[in-house]
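Peer 1: coordinates only, no sequence provided:
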């Protein structure tokens, strides 16, 4: 029988450094049980007797897949559809204003997790712009959540804020063995692309966007990392584009060329 190891303070400090270097995320001491719980299964899978042994494996340079697995486990957070509805109301208005223009209307969900935010955006754009020129990009550091996003299959309880009309038009309710779940309609899924990207490093060429969602992720960054990430992401905004952050977040003290138009909403001049 596998005997569960105990995560020591020294080992926790090693993983704090690991995830900060990999993703810019600062883990407070209150997250020690989370780290212990999420990584315990990897110790068992690898037949390792301590968290120190697991950290040594990650640091060896010989286990790139395991490094990505650890990053996935330590960065995944629960989300749901139409979180913070105010942003989607503004998105709908911005899309209306873009009707008739030749240039594609593009939205970036920069920390997309399992895709609920990106598909919420797609529902609004499909409702407002129909099959016109628009697209949505979702990126995340975790390859595991990106794979889940590609499947577009979710527990129904994450859809509690989806407008009833959108549920009928853009989602398929599971029946039989799939009861209690929903699948995003095939007509919507091709308009949403998912890519791997680490916001704490140089970004791939993603193009320019009319709207960027960077929500509920900066709370995990220290001030220096936050400044770097915001500057990196905001550089992908078109002039006049909008930048959304979480309602519990702030850009106070960050000069990224953005002007606040309302709490949690910024605009690039």
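Peer 2: Looks like it came in fine. As the structure is a computational prediction, the values presented were derived from the model and not from experiment.
Peer 1: buried residues in stretch 163-176?
Peer 2: Applying a neighbour-count criterion of 16 or more other C-beta atoms under 10 Å, the buried positions in stretch 163-176 are 163, 166, 167, 170, 171, 172, 174. Any C-beta I mention is one placed from the backbone N, CA and C, and that applies to glycine too.
Peer 1: the third one contacts residue 158, doesn't it?
Peer 2: Same thing as residue 167. No: Residue 167 sits out of contact with residue 158 when judged by C-beta atoms under 8 Å, with a separation of 11.9 Å.
Peer 1: on the three-state scheme, residue 232 is what?
Peer 2: helix (DSSP: H, G, I helix; E, B strand; the rest coil).
Peer 1: what distance do you get for it to residue 202?
Peer 2: 8 Å (C-beta to C-beta, to the nearest Å).
Peer 1: and what of residue 240?
Peer 2: Taking C-beta to C-beta, one finds residue 240 at 25 Å from residue 202.
Peer 1: how about residue 177?
Peer 2: Between residue 177 and residue 202 the distance is 44 Å, computed by C-beta to C-beta.
Peer 1: do you know the pLDDT at residue 1?
Peer 2: Residue 1 carries a pLDDT value of 39.
Peer 1: and residue 250, by the same measure?
Peer 2: Looking at residue 250, its pLDDT stands at 87.
Peer 1: circling back: what do residue 232 and residue 202 both touch?
Peer 2: Counting by C-beta atoms under 8 Å, 6 or more residues apart in numbering, no residue touches both residue 232 and residue 202.
Peer 1: who has more neighbours, the two?
Peer 2: residue 232 (17 against 7; other C-beta atoms under 10 Å).
Peer 1: show me what contacts that one?
Peer 2: By C-beta under 8 Å, 6+ apart, the neighbours of residue 232 are 199, 202, 203.
Peer 1: which of these sits closest to residue 58?
Peer 2: residue 199 (20.6 Å; C-beta to C-beta).
Peer 1: checking the closest one next. Helix, strand or coil?
Peer 2: coil.
Peer 1: for it, give its distance to residue 36.
Peer 2: 26 Å.
Peer 1: more neighbours: those two, which one.
Peer 2: residue 199 (22 against 18).
Peer 1: show me the contacts for the more buried one.
Peer 2: Residue 199 touches 23, 24, 110, 111, 139, 141, 214, 217, 229, 232, 233, counting by C-beta under 8 Å, 6+ apart.
Peer 1: looking at these, which one is closest to residue 182?
Peer 2: Nearest to residue 182 among the contacts of residue 199, with distances taken as C-beta to C-beta, is residue 111, at 22.1 Å.
Peer 1: can you pull out the helices in the stretch 101-250 of the chain?
Peer 2: 116-129, 143-151, 164-170, 223-234 (DSSP state H, counting those that start in this stretch).
Peer 1: can you give me how far the third one is from the chain middle?
Peer 2: Which is helix 164-170. 23 Å (C-alpha atoms, centre = their mean, to the nearest Å).
Peer 1: how about the first one?
Peer 2: The gap between where helix 116-129 is centred and where its chain is centred comes out at 16 Å by C-alpha atoms, centre = their mean.
Peer 1: which other helices and strands does it contact?
Peer 2: helix 85-97, strand 105-109, strand 134-140, helix 164-170, strand 192-196, strand 209-213 (3 or more C-beta pairs under 8 Å, 6 or more residues apart in numbering; DSSP states H and E).
Peer 1: tell me the buried residues in that helix?
Peer 2: 116-126, 128-129.
Peer 1: that helix vs helix 143-151, what angle?
Peer 2: Taking axes from the mean of the first three to the mean of the last three C-alpha atoms, to 10 degrees, one finds helix 116-129 and helix 143-151 inclined to each other by 30 degrees.
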